[in-house]
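[1] Just to be clear, the model below is a prediction. Sequence and coordinates:
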Amino acid sequence: SFSSAGDELWVSLFEKAYIKLHAGYDFPGSTSSIDLHALCGWIPETFHLNHDSTNRVDPVEAWTRLINGQAKGTALFTLGTRALSDEEEDRTGLASQHAYAVLEVVEACGVKLVKVVEACG
């Protein structure tokens with residue numbers, strides 16, 4: 001990790017401390033909800049949108065909550081992918097079993113758009 005301000009070192013130090021807390025860089029991975037809770041104490045809520053999930057959330061309700069949370073400034077969003085085929089990766093531009101930070105959610109001309117950035121940098 002890094003900061004766009006050349007004189008800031010805290011971002012890298014913070015990442016190093018977090019990794020040390022989790023037994024070094026060889027740890028097997030995490031989920032963004034666990035990381036958000038560890039970093040800011042926020043109790044995460046997970047929306048499962050895949051059709052075969054027993055905890056599946058209504059996509060319309062989930063979208064409404066994302067839009068409202070963003071408008072109020074009361075939510076942090078991440079997106080995690082399941083195992084994706086090569087075709088799905090090509091179609092979506094997302095990597096299989098990967099985490100992304102959500103920067104913005106918008107609806108334009110009836111199309112729901114989610115702007116993401118790779119959480120690792």
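    Thanks, I have it. Residues are numbered from 1 along each chain as shown.

[2] which residue packs closest to L21, ignoring adjacent ones?
    A38 (7.9 Å; CB to CB, 6 or more residues apart in numbering). For glycine as for every other residue, the C-beta is placed from the backbone atoms N, C-alpha and C.

[3] Buried ones in the host helix or strand of the one you found, by neighbour count?
    Assigned by DSSP states H and E, A38 belongs to helix 32-40. If you call a residue buried by 16 or more other CB atoms under 10 Å, then helix 32-40 has these buried ones: 32-33, 35-36.

[4] who does that helix touch, helix- and strand-wise?
    Applying 3 or more CB pairs under 8 Å, 6 or more residues apart in numbering; DSSP states H and E, we find helix 32-40 packed against helix 10-21, strand 78-80.

[5] right, and those - which one's nearest A99?
    When the helices and strands packed on helix 32-40 are compared by CB to CB, strand 78-80 sits nearest A99, at 5.1 Å.

[6] Now that closest one: average pLDDT?
    In this model, strand 78-80 has an average pLDDT of 85.

[7] where's the most centrally placed residue in the chain relative to E87, distance?
    Closest to where the C-alpha atoms of the chain average out (CA atoms, centre = their mean) is T78, at 1.9 Å. Computed as CB to CB, to the nearest Å, the T78 to E87 distance reads 24 Å.

[8] cool, V57 as well?
    V57 sits at a distance of 25 Å from E87 (criterion: CB to CB).

[9] Low-confidence bits of the chain, can you list those?
    The model of the chain has pLDDT under 70 over residues 1-3, 5-6, 8-9, 11, 23-30, 119-121.
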